[in-house]
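K.L.:
Sequence first, then the predicted structure:
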Amino acid sequence: MNMAQSKNIGLCPDCGEEVRFKKMPYVGQVVTCRRCSAQLEVMRKSPIDLRLAQDDEWESEEDFESHDLPRNQRNKRDRW
């Protein structure tokens, strides 16, 4: 493997598998680990830093608390 190819490799933080890119990835790009199927987000390009991608469904702690309430109580909480 030459130096140009080694720049396009990151490591899965979940299982340690090498994640290879055909070309330089962009920050925010989401890829899937071929070994453990984890969704990974590119945090930095040089060296490539991968983190587990965040699920946008739970953007804040307040959203999380609202989803924990039974469906019929969700709107009651917001009325206060």
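P.N.:
Structure received.

K.L.:
All the strands of the protein, residue numbers only.
P.N.:
9-11, 18-20, 30-32, 39-45, 48-52 (DSSP state E).

K.L.:
Could you report the separation of the nearest residue to residue 23 once chain neighbours are set aside from residue 47?
P.N.:
Setting aside the residues directly before and after it, residue 23 is nearest to residue 8 in space (CB to CB, 6 or more residues apart in numbering), at 6.9 Å. All C-beta spots, glycine's among them, are computed from the backbone N, C-alpha and C. Using CB to CB, to the nearest Å, residue 8 is found at 10 Å from residue 47.

K.L.:
Give the residue from these two that has the larger number of neighbours.
P.N.:
residue 8 (15 against 10; other CB atoms under 10 Å).

K.L.:
Next up, the contacts around that one.
P.N.:
The contact partners of residue 8, by CB atoms under 8 Å, 6 or more residues apart in numbering, come to 20, 21, 22, 23, 24, 25, 48.

K.L.:
Which pair in these has the greatest spatial separation?
P.N.:
22 and 48 (12.9 Å; CB to CB).

K.L.:
I'm done for today, thanks for sticking with me.
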